[in-house]
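Student: Quick one: sequence plus predicted model below, questions after.
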Amino acid sequence: MTEVLSTVDMLGTMDPLSIMDAQATVDTVATMDAVRTYYGSVLRSTADLQTSACCAVAPPAHVLEALGNVHDEVKARFYGCGSPIPLGLDGATVLDLGCGSGRDCYLLAQLVGPQGRVIGVDMTPEQLAVATRYQDHHARLFGYANVEFRSGYIEDLAALGIADGSVDVIVSNCVLNLSPAKERVFREIVRVLRPGGELYVADVFADRRIPAALRADPVLLGECLGGALYTEDFRRMMARAGCADVRTVSTAPLTLDSAEIERRIGFVTFTSRTVRAFKLTLEDRCEDYGQVATYLGTLPGSPHLFDLDDHHRFRTGRPEPVCGNTADMLSHTRYARHFTVAGERGTHFGLFPCGPGDAVAGLAGTGSPCC
């Protein structure tokens with residue numbers, strides 16, 4: 001979560017919308033530089049954090065096992081807010097946005113295996129120095145070398161040589177909130193994903209738009225609060241980037257452990273969310289075509305069930321009615337070999353009763369009922 005765009009470097013290539021999104025002012029440049037300092041110099045370990053915003057939730061068992069093989073210094077300099085490690089990664093090319101000290105990269109390296117590839121991108125020299133210091137160590141431990149790190153901005157992946165349609169999965173751990181050009185990031189994500197590729201991220205979300213003065217505060221930014229994404233703006237940005245149906249996988253409340261931070265921004269409700277989206281042509285609502293999906297129980301680490309999101313749990317061998325979007329997510333992505341999906345789209349039955357109810361749609365009350 002150490003990825004912050006230095007606005008000065010990007011203004012020459014930004015369109016007007018991106019410039020507005022980046023809040024390209026002298027004050028913003030100074031603030032972004034302060035955040036770079038926050039993660040490069042101020043924070044030495046997770047113990048230095050002033051809130052719980054960057055404390056990761058407990059990962060699943062297979063991730064916890066892989067975590068045991070990651071060097072202690074790499075783990076000590078980790079500042080994520082979740083466990084954005086999806087299933088089914090064997091042989092995949094995975095891109096970690098804002099990789100920091102490389103903790104998730106070295107986790108992913110074990111899950112993609114020797115035939116897979118992991119690329120970590122970050123712009124903080126101090127963090128990348130930790131990440132690269134232990135490349136040989138982890139290669140010897142794993143028995144193969146499949147991790148590389150690139151110094152640069154997640155807002156301009158083309159400058160780092162990451163080509164169109166070259167990545168299977170993109171992960172990010174509490175990084176998107178730090179970017180002052182979020183729409184640009186989402187456009188880059190869609191550009192580099194292969195058709196059917198997946199975005200799977202953990203980040204901090206807010207129940208409202210953060211006031212400008214607080215967005216510019218270096219401590220609030222560094223603690224993942226000032227730049228937290230308003231859930232509805234996130235949904236809209238993703239839709240404009242080409243992802244019409246973004247799913248919430250899990251949600252956890254965040255607490256503000258500092259009395260001073262609580263005084264300043266305690267009127268905002270923050271949550272840590274893991275969300276996923278696919279590079280697919282999907283509808284903006286969940287439509288019913290009479291389709292049924294059955295999980296085969298073949299995903300490593302999940303023999304009995306698979307959670308697509310926070311209200312789609314597929315138990316092995318049990319057929320489940322699904323909307324057209326969910327059917328496509330399961331049949332036109334790397335998950336296809338783990339599911340059977342029956343039914344065509346010859347007959348439309350109207351809206352699909354997906355999720356806890358039409359009143360709880362999107363990430364926070366609007367949009368696709370599956371979200």
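Tutor: Happy to help now that I have it.
Student: Would you mind splitting the protein into its domains for me?
Tutor: 7-278, 285-371 (automatic domain parsing).
Student: Reformat those domains as a markdown table; add mean pLDDT and mean neighbour count.
Tutor: (C-beta placed from N, C-alpha, C; glycine too.) Shown next, in a markdown table, are those (pLDDT from 0 to 100; neighbours: other CB atoms under 10 Å):
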| stretch | mean pLDDT | mean neighbour count |
| --- | --- | --- |
| domain 7-278 | 86 | 20 |
| domain 285-371 | 86 | 17 |
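Student: Find the residue closest to Lys279 in space, skipping its chain neighbours.
Tutor: Leu193 (4.2 Å; CB to CB, 6 or more residues apart in numbering).
Student: What strands line up against the longest strand anywhere in the chain, and which way round?
Tutor: The residue-count maximum for a strand in the chain (DSSP state E) belongs to strand 193-206. Here strand 193-206 is paired, per DSSP bridges, with strand 167-173 (parallel), strand 229-230 (parallel), strand 270-278 (antiparallel).
Student: what's the following helix or strand after the longest one?
Tutor: Spelled out, that is strand 270-278. Once the chain leaves strand 270-278, the next helix or strand it forms, by DSSP states H and E, is strand 291-295.
Student: which outside residues touch that following strand?
Tutor: 305-306, 314-324, 326-327, 330-331, 338-345 (CB atoms under 8 Å, 6 or more residues apart in numbering).
Student: can you tell me which of these are in strands?
Tutor: Reading strands off the contacts of strand 291-295 with DSSP E, I get Leu305, Phe306, Phe314, Arg315, Glu320, Pro321, Val322, Phe339, Thr340, Val341, Ala342.
Student: if we can go back for a sec, now the strands paired with strand 193-206 in TSV, please, with extra columns for distance to Thr294.
Tutor: Formatted as TSV, the strands paired with strand 193-206 follow (distance: least, CB to CB, whole Å):
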stretch	distance to Thr294
strand 167-173	24
strand 229-230	35
strand 270-278	19
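Student: Gly242 is nearest to which of those?
Tutor: Closest to Gly242 of those, according to CB to CB: strand 270-278, at 9.3 Å.
Student: gap between that closest one and the chain center?
Tutor: Centre-to-centre, strand 270-278 and its host chain are 7 Å apart (CA atoms, centre = their mean, to the nearest Å).
Student: Look up phi and psi at Pro300.
Tutor: Pro300 adopts backbone torsions of phi -60, psi 130, taken as degrees, to the nearest 10.
Student: unless I'm mixing things up, it is touching His62, no?
Tutor: Yes: the pair Pro300 / His62 is scored as a contact, 7.4 Å apart, by CB atoms under 8 Å.
Student: Closest to His138 out of the ones in strands among the contacts of strand 291-295?
Tutor: Phe306 (28.7 Å).
Student: circling back: tell me the first helix or strand C-terminal of the longest strand of the chain.
Tutor: Following strand 193-206 in sequence, per DSSP H and E, is helix 212-215.
Student: list the helices and strands that following helix packs on?
Tutor: The helices and strands touching helix 212-215, judged by 3 or more CB pairs under 8 Å, 6 or more residues apart in numbering; DSSP states H and E, number zero.
Student: CA atoms only for it - export them in PDB, please.
Tutor: The C-alpha trace of helix 212-215 is given here as PDB (Å, rounded to 0.1, in the frame of the first residue of the first chain):
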ATOM      1  CA  ALA A 212     -10.600  17.900   0.500                       C
ATOM      2  CA  ALA A 213      -8.700  19.200   3.600                       C
ATOM      3  CA  LEU A 214      -8.700  15.700   5.100                       C
ATOM      4  CA  ARG A 215      -7.700  14.100   1.800                       C
END
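Student: How far off centre is it?
Tutor: 23 Å.
Student: measure Gly100 to Leu330 for me?
Tutor: 32 Å (CB to CB, to the nearest Å).
Student: Show me where the stretch 1-150 of the chain has its strands.
Tutor: Ranges of strands in the stretch 1-150 of the chain, per DSSP state E, counting those that start in this stretch, are 93-97, 117-122, 147-151.
Student: Please name whichever of the ones you listed is nearest to Ser272.
Tutor: Once the strands of the stretch 1-150 of the chain are compared by CB to CB, strand 93-97 is nearest, at 16.8 Å.
Student: Let's see that closest one as CSV, backbone CA atoms only.
Tutor: The C-alpha trace of strand 93-97 is given here as CSV (Å, rounded to 0.1, in the frame of the first residue of the first chain):
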residue,chain,number,x,y,z
THR,A,93,0.7,-14.3,-14.4
VAL,A,94,-0.1,-12.1,-11.4
LEU,A,95,0.5,-8.4,-11.0
ASP,A,96,0.7,-6.9,-7.5
LEU,A,97,0.0,-3.1,-7.5
